[in-house]
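mind looking at a prediction? Sequence and model below.
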Amino acid sequence: MIKEFRDFILRGNLVDLAVAVVIGTAFAVLVKSLTDNLITPVLAMIGGKPDFSDLSFTLNNAEFRYGAFLTDVIGFLIVAAVIFFLVVKPVNVLMERARAGDTDDEAPDPQIVVLEEIRDLLKTAERR
């Protein structure tokens, strides 16, 4: 059982996942700092308030804090925009360049050509 546990811990996917969690946590701190220190002051200049958390209304002794929800929605949109423009877009550009590099007009491997010819001959022989 200990050997199985060790194999589980040392499995490549688990290590990759652990690295992704650590990097994701560090990235979240970076995005939060960007939001709190740069984007929120811009929102405060435009809207007059950097934080809408104090906006609420009461109905039958129940407080509905819609301002906190608006603040969270704005934060989510900022995080999504940062991830899209700083991670997704650049990775898509790099992947597109890699695909363009893969389509070079190189001569096929001679062994592949011979194997394809053998395959085609076998297919025609089966049909007869």
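Alright, I've got the coordinates. Residues are numbered from 1 along each chain as shown.

could you list the buried residues of whichever helix or strand V42 is part of?
V42 is part of helix 40-47, with elements assigned from DSSP states H and E. Neighbour counts using 16 or more other Cβ atoms under 10 Å place T40, L43 of helix 40-47 among the buried residues. C-beta here means a position set from N, CA and C on the backbone, and glycine is covered the same way.

same check on stretch 75-83?
Within stretch 75-83, the residues scored as buried using 16+ other Cβ under 10 Å are G75, I78, V79, V82.

dump those residues into TSV; add pLDDT and secondary structure as well.
Below are those laid out as TSV (pLDDT from 0 to 100; DSSP: H, G, I helix; E, B strand; the rest coil):
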residue	pLDDT	secondary structure
G75	79	helix
I78	80	helix
V79	78	helix
V82	80	helix
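
same question for the helix or strand following the helix holding V42, mean pLDDT?
Counting by DSSP H and E, the next helix or strand C-terminal to helix 40-47 is strand 57-59. Averaged across strand 57-59, pLDDT comes to 91.

now do strand 57-59: which elements does it pack against?
Packing contacts for strand 57-59, counted by 3 or more Cβ pairs under 8 Å, 6 or more residues apart in numbering; DSSP states H and E, involve strand 62-64.

who's in contact with the strand it packs on?
Outside of strand 62-64, the residues within contact range by Cβ atoms under 8 Å, 6 or more residues apart in numbering are S56, F57, T58.

which residues touch the last one?
For T58, the contact set (Cβ under 8 Å, 6+ apart) comprises F64.

before we move on, the earlier item: okay if I get the contacts of strand 62-64 as TSV plus distance to K123?
As requested, the contacts of strand 62-64 are exported to TSV (distance: Cβ to Cβ, whole Å):
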residue	distance to K123
S56	73
F57	74
T58	77
